[in-house]
Every structure is written in C-alpha cells, then in structure tokens.
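S.K.: Next comes the sequence, and after it the predicted model I'd like to discuss.
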Amino acid sequence: MTVSDPVVETVVATIGRSATEIRQGLIGRRGTVDEENPSGETQAEADVWADELLGDRLTGIGGVGQYASEERAAVVDCGDDPAATDAYAVAVDPLDGSSNLTSNNTMGTIFGVYDAALPARGDALVAAGFVLYGPITTMVLATDETVTEYELSGGERTVVERDLTIPAEPVVYGFGGRVPDWPDDFRAYAREIESELKLRYGGALIGDVNQVLTYGGTFGYPALESRPDGKLRLQFEGNPIGYVVERAGGRSSNGTQSLLTVEPDALHDRTPLHVGNGELIDRLEAALA
Ligand SMILES: O=P(O)(O)OC[C@H]1O[C@](O)(COP(=O)(O)O)[C@@H](O)[C@@H]1O
Ligand SMILES: [Mg+2]
Ligand SMILES: [Mg+2]
C-alpha cells in the first residue's frame, strides 16, 4: 500500500529502505562522539551517522524543500520554500532512544512531513510515522487518510495492519522522568493510573508508544520540576507522535492542549508529551488544570 502523494511516498519509501541499512549500521557504532546535539545531549556515533545518511537521501528528493533533524542546529534548505510553494519539509529524529544502544534495547527513527516551513505546528503535518528496530523492523505510518503498520525487510515495505486504531480498553502505561522530579499534580494522576494499568517503560519513546498503540493505554514524558518544558522535542518527537496517535483514534497533549496545536518558538523546542486513549488524556488534562 503506497501513499497517494508521490513526494510523501518517496520520502516514506526512502526512510523504509534506509531503515534496514540503519539497523545494520548500528553494529560497531555504539560508542559516543565528543559532541553535543542542539539539545545539549552527548551524541552517539550512530546518531550522527544516521542523521547524515537520512539527510543525504531526503535532501535529494524533488519536492522536499527543507530537512531538519534533532542532531543538527539549523534547518537545511534543499529545494523550494515549503511556506511559499507546494514543497514539503521533513523533520526527523534519526535515532530515538539511542542511549539504549549501550544496553542493546529497542530504538526507533521518527519522521514528520510538514506542509509548512520549520518550525511548524503539528497540524501542518501531512504524514508522520516511525520505524521501530525491535526483534523485527516495522514502520507505523499515519497520513490524513489512515494509519498503516508495515514490516520492513530488504528494502520492501509489507502491510501487516491496515487502518490501525488504538484498542478501546487501555492496558499499559509508561511515564518518563524520576518520580521525585514529578510535579505534585502529575504524581497524583500517575498514582491513579499505576493502580489501573500495567507498567511498560523501555527508555525509547518509539518502543513505549508502540506498546500503547498495540495494547491501549498511555505514554507520558511530563513537565518536570527541574525541566518545566519536559525532555522531548516538539518538531522531531511530539508532533509526529501526536499525529500518529491522533490519527489512530487517540489523543495527544502537552498537558493542556493537543500537541498538534502548540505554536513553536524555535526548531529545538521541548514539550511535555502525553499520548494515548482519549479518556486517559482527558483525565490527565483535568488533573493538571
Ligand atoms: O532516559 P529517560 O529520562 O527515561 O528518557 C527516555 C526518553 O528520552 C529519549 O530517549 C529521547 O530521545 P533521543 O534518544 O532521540 O534523544 C526518548 O526516546 C525516551 O522516551
Ligand atoms: Mg528521540
Ligand atoms: Mg534521537
């Protein structure tokens, strides 16, 4: 199953084909480099390598006017201006959860295709998704039409689930940050959820969100006392994941409103991130109000 817009399809196909190579290329690239990304985090060798690989390929696609990544400071202009033409901007988190490389646990690649110049609101996305490097490599892709799960193998993208929707009955939850760093209102909400659902936390947003899409439930990386804006990045993580979960019938929130309606100030803005079954996100927002 392909995407009807040919530029978006080329972006998705390019990321799908690159995923097999990225997975293979992680071998021997588990160390860190002596550099920080624009969020002030130490980069893994694989973060830098995956960004260069995706950047080289995505900037070469006709109809892609901008490329931006969690691993580079500025937007790369590579075609027509997405604000003034029908070109798109592609934003990626080349490796999500790359600290899991050390312990050989799940990681992902996140992407968003925006019909606007970056930084942009999430409601300017026309497609978004992620690759999950689990026991097998899968991609979840959301467009305005539907959400599809694929298995990726040898450059091929094979549909395994059409019209993916979040199960109605929530089962799992995962919350990031240390408990003593949680604001009191979030802690009270978390205590309730802990008594209702089953904990799943793997330290990679993609792995944890895919559990929520599979079983129902919620994932949150809240505002912390020490970090009122949370940890995760709006353009590269919050918007694409919010888009996928909303298209799958769930809700996203920064604590007060849909992630897709948050006005960005800067490319590397952080945001508290909450996604999952609508009823749980409604309760979260009521608890934080
Ligand atoms: O180590 P913590 O605080 O649990 O944070 C885990 C979170 O940080 C991240 O690893 C951040 O993403 P990056 O690896 O892309 O920087 C998320 O995938 C994950 O949800
Ligand atoms: Mg990430
Ligand atoms: Mg990353």
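M.R.: Now that the structure is in, tell me what you want to look at. Ligands and ions are numbered 1, 2, ... in the order given.
S.K.: What residue in the stretch 51-200 of the chain comes nearest to ligand 3?
M.R.: Going by Cβ to the ion, ligand 3 is nearest to D93 of the stretch 51-200 of the chain, at 4.4 Å. The way it works is simple: take the backbone N, C-alpha and C, and place the C-beta from them, glycine included.
S.K.: pretty sure that residue is touching G112, no?
M.R.: No. Counting by Cβ atoms under 8 Å, D93 stays clear of G112, with 9.2 Å between them.
S.K.: Give me the more crowded residue out of those two.
M.R.: Counted by other Cβ atoms under 10 Å, D93 and G112 do not tie: G112 has more neighbours, with 33 against 28.
S.K.: Note down every partner strand of the stretch of helix or strand the more buried one belongs to and its orientation.
M.R.: If you go by DSSP states H and E, G112 is part of strand 107-114. Within its sheet, strand 107-114 is paired with strand 88-96 (antiparallel), strand 125-133 (antiparallel), according to DSSP bridges.
S.K.: And ligand 2, is it touching that?
M.R.: No. On the criterion Cβ under 5 Å from the ion, strand 107-114 is out of touch with ligand 2, staying 6.5 Å away.
S.K.: Next, the residue nearest to G25 when sequence neighbours are not counted: phi, psi?
M.R.: Nearest in space to G25, with sequence neighbours left out and distances taken as Cβ to Cβ, 6 or more residues apart in numbering, is W49 at 6.3 Å. With angles defined as degrees, to the nearest 10, W49 sits at phi -70, psi -50.
S.K.: from now on call the first residue 599
M.R.: Okay, using 599 as the starting number, the last item reads as W647.
S.K.: I'd guessed W647 sits against I625; true?
M.R.: No. With contact defined as Cβ under 8 Å, W647 does not count as touching I625 (11.4 Å).
S.K.: hang on, the earlier thing: what touches both of D691 and G710?
M.R.: Residues touching both D691 and G710 comprise F834, P838, with contact defined as Cβ atoms under 8 Å, 6 or more residues apart in numbering.
S.K.: contacting residues for the closest residue to ligand 2 within the chain?
M.R.: Residue of the chain nearest ligand 2, by Cβ to the ion: D694 (3.4 Å). By Cβ under 8 Å, 6+ apart, the residues touching D694 are M705, G706, T707, I708, F728, A802, L803, I804, E835.
S.K.: By neighbour count, which of those wins?
M.R.: Neighbour counts for those peak at G706, which has 32 neighbours (criterion: other Cβ under 10 Å).
S.K.: Any idea what that one is bridged to?
M.R.: Going by DSSP bridges, G706 is paired in beta bridges with D694, L730.
S.K.: So for it, what's the pLDDT?
M.R.: Residue-level confidence at G706 comes out at 97, pLDDT.
S.K.: How much space separates the residue of the stretch 749-887 of the chain found nearest ligand 1 from R621?
M.R.: Relative to ligand 1, the nearest point of the stretch 749-887 of the chain is L803 (3.5 Å; Cβ to the nearest ligand atom). Counting by Cβ to Cβ, to the nearest Å, the gap from L803 to R621 is 18 Å.
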